[in-house]
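>>> I would like to see how this sequence folds:
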Amino acid sequence: MFVLKKVLTPFILPPGIFILLLIISGIWFYTKKKRGAGVIQIVIGVLMWILALGPVSDALYRGLEGQFTLPKEIDGEVLILLGGGINDQAPDLSGMGAPSPELLQRIVTAVRLYKRLNLPILATGASFTRSQISEASIIKRYLIDLGVSQDLIILEDRARDTFENANFAKSICDQFGFRKPVLITSGYHMKRAVLSFERAGLKVIPFPAAFKSPKALPFNWRDVLPGDYRGIYLALKEYIGLFVYRYAY
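Numbering: from 1, shown residues only. Model (predicted):
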């Protein structure tokens, strides 16, 4: 029963249900001598299936995360915490607005490092919503709730993207005399973040908050079941961002 449930569920939920319908209808058209339409639908269905497979997104993530590891020794002066999306209308324990799951991972990593190193945290991220609640302000509220001293939180609430994160953070580091910043962001985003900080003239110590690509493991039957497109979306977005940052900035 367990295996049956695990096999059926991905084909009941999107995108699996649409993949299944495309392939079934393609086979039906093919058997009705409408072979062109049938082949097109089958091919589209198979491509959608491939893009929804975990090993495919994992392979793309490895290209982004492979060069980074968690440093064993950290000789830093400030923790730079990059924003990563918020829900500004979400009711929360201590105010309005909550971080995305990606940002929450970064916040938790920053707090854990703060408790080990007792370093100030520079939170960076502007507002993208009509409420004008900035990522940095929500990050600050969560940091305080998790035990970080308000006196050790520095806000930068103007940056709208990673390149601006780097440039505004560089100005603040120059102002405070920080020469050894520790950069905290998601593992898959670290390559673009480090590139941005290098272009801004600031050498950072990369500290990935989380990795999305697991170590290579043998394939099993679950690997052929369709998932969702979140993984492929984030990975491709990063590759596009890397291309743009390398040649446009």
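>>> need the longest helix for the chain.
Under DSSP state H, the helix in the chain containing the largest number of residues is helix 230-248.
>>> Okay, buried residues for that helix please.
For helix 230-248, burial by neighbour count (16 or more other Cβ atoms under 10 Å) applies to 231, 232, 234, 235, 238, 241, 245. The way it works is simple: take the backbone N, C-alpha and C, and place the C-beta from them, glycine included.
>>> Contacts for that helix, please.
Residues from elsewhere that reach helix 230-248, judged by Cβ atoms under 8 Å, 6 or more residues apart in numbering: 51-52, 54, 56-58, 60-61, 63-64, 162-163, 188-189, 191-192, 195-196, 199, 212.
>>> swap the cut-off to 7 Å and go again
With contacts defined as Cβ atoms under 7 Å, 6 or more residues apart in numbering, helix 230-248 is touched by 51, 54, 56-57, 60-61, 64, 163, 188-189, 191-192, 195-196.
>>> Could you do stretch 183-202 as well?
For stretch 183-202, the external contacting residues (Cβ under 7 Å, 6+ apart) are 61, 64-65, 68, 79-82, 84, 102, 105-106, 109-110, 162-163, 165-167, 169-170, 173, 181, 204-212, 234-235, 238, 241-242, 245-246, 249.
>>> and of the contacts of helix 230-248, the nearest to residue 117?
residue 189 (21.9 Å; Cβ to Cβ).
>>> Would you mind measuring from that closest one to residue 172?
Separation of residue 189 from residue 172 (Cβ to Cβ, to the nearest Å): 20 Å.
>>> So the two - more neighbours on which side?
Each of residue 189 and residue 172 has its neighbours counted (other Cβ atoms under 10 Å); residue 189 has more, 23 against 17.
>>> that older thread, please identify which pair of the contacts of helix 230-248 lies farthest apart.
54 and 163, at 30.6 Å, using Cβ to Cβ across the contacts of helix 230-248.
>>> When these two are compared, which one has more neighbours?
Neighbours were counted for residue 54 and for residue 163 using other Cβ under 10 Å; residue 163 has more, 21 against 17.
>>> Can you tell me the closest non-neighbouring residue to that one?
residue 196 (4.8 Å; Cβ to Cβ, 6 or more residues apart in numbering).
>>> And the pLDDT for the one you found?
Reported pLDDT at residue 196 in the predicted model: 97.
>>> got the buried residues for the host helix or strand of it?
Assignment of secondary structure by DSSP states H and E places residue 196 within helix 190-199. For helix 190-199, a neighbour-count test (16+ other Cβ under 10 Å) marks 190, 191, 192, 193, 194, 195, 196, 197 as buried.
>>> tell me the angle it makes with helix 230-248.
Angle, helix 190-199 to helix 230-248, by axes from the mean of the first three to the mean of the last three Cα atoms, to 10 degrees: 20 degrees.
>>> can you list the weak-confidence ranges in the chain?
For the chain, the stretches with pLDDT under 70 are 215-217.
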